[in-house]
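Asker: following is a predicted model, sequence given first.
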Amino acid sequence: MRVGIGYDIHRLVEGRPLILGGVSIAYEKGLLGHSDADVLVHAVCDALLGAAGLGDIGIHFPDSDPQYKDISSLKLLSATCQLLTAEGFRILNLDATLFAEAPKLAPHRQKMQAILSQTMNIKPNEVNIKATTTEGLGVIGKGEGIGAMCIALID
Ligand code: MG
């Protein structure tokens, strides 16, 4: 078995949709990025690629490449899963945490788990998603961005 870790953070800005774990969330701001800036999915991709020894999301899907402009990060996750499958790996489970001061993310957890597990073709209880604030501390606590961490186990 092999483990990998992923971490990502994106800036919150006005005029962008907020998409986390493939779910569109009603909020006054969204995450800035070349793709849809789904910080949770990016952390998941990095954890999977890390576990497989396949580098990171920036190597496979560079943000300088116009084909990834505003792309759904779920497509990047699908492509990541294909890379793992091609190497003979299978996902055992993932555990992820979102860091956001606002909006409240708990109501969206189950939908995120459903979408991510479907995209990775694993069971919903094999993708655990948690959310926490940072108690007002730091850039996340000030609402300047949203972060995510993920650990993946594969074999
Ligand atoms: Mg990212």
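Answerer: Yep, that arrived. Numbering: from 1, shown residues only.

Asker: so what's the closest residue to the ion within the chain scoring on pLDDT?
Answerer: With Cβ to the ion as the measure, residue 42 is the residue of the chain nearest to the ion, at 3.6 Å. From N, CA and C alone the C-beta is placed, and that goes for glycine too. In this prediction, residue 42 carries a pLDDT score of 98.

Asker: can you check residue 113 too?
Answerer: Looking at residue 113, the pLDDT reads 98.

Asker: that one falls within a helix, correct?
Answerer: Yes: assessed by DSSP: H, G, I helix; E, B strand; the rest coil, residue 113 belongs to a helix.

Asker: that one against residue 130, yeah?
Answerer: No: using Cβ atoms under 8 Å, residue 113 makes no contact with residue 130, being 10.6 Å away.

Asker: more crowded one of the two?
Answerer: residue 113 (21 against 13; other Cβ atoms under 10 Å).

Asker: got the contact list for that one?
Answerer: 21, 124, 127, 128, 129 (Cβ atoms under 8 Å, 6 or more residues apart in numbering).

Asker: kindly provide the distance from it to residue 56.
Answerer: Residue 113 sits 24 Å away from residue 56, going by Cβ to Cβ, to the nearest Å.

Asker: longest strand of this protein?
Answerer: Ranked by residue count, the top strand of the chain under DSSP state E comes out as strand 2-14.

Asker: residues making contact with that strand?
Answerer: Residues contacting strand 2-14 (Cβ under 8 Å, 6+ apart): 18, 28-33, 37, 39, 42-53, 89, 99, 139-140, 143-155.
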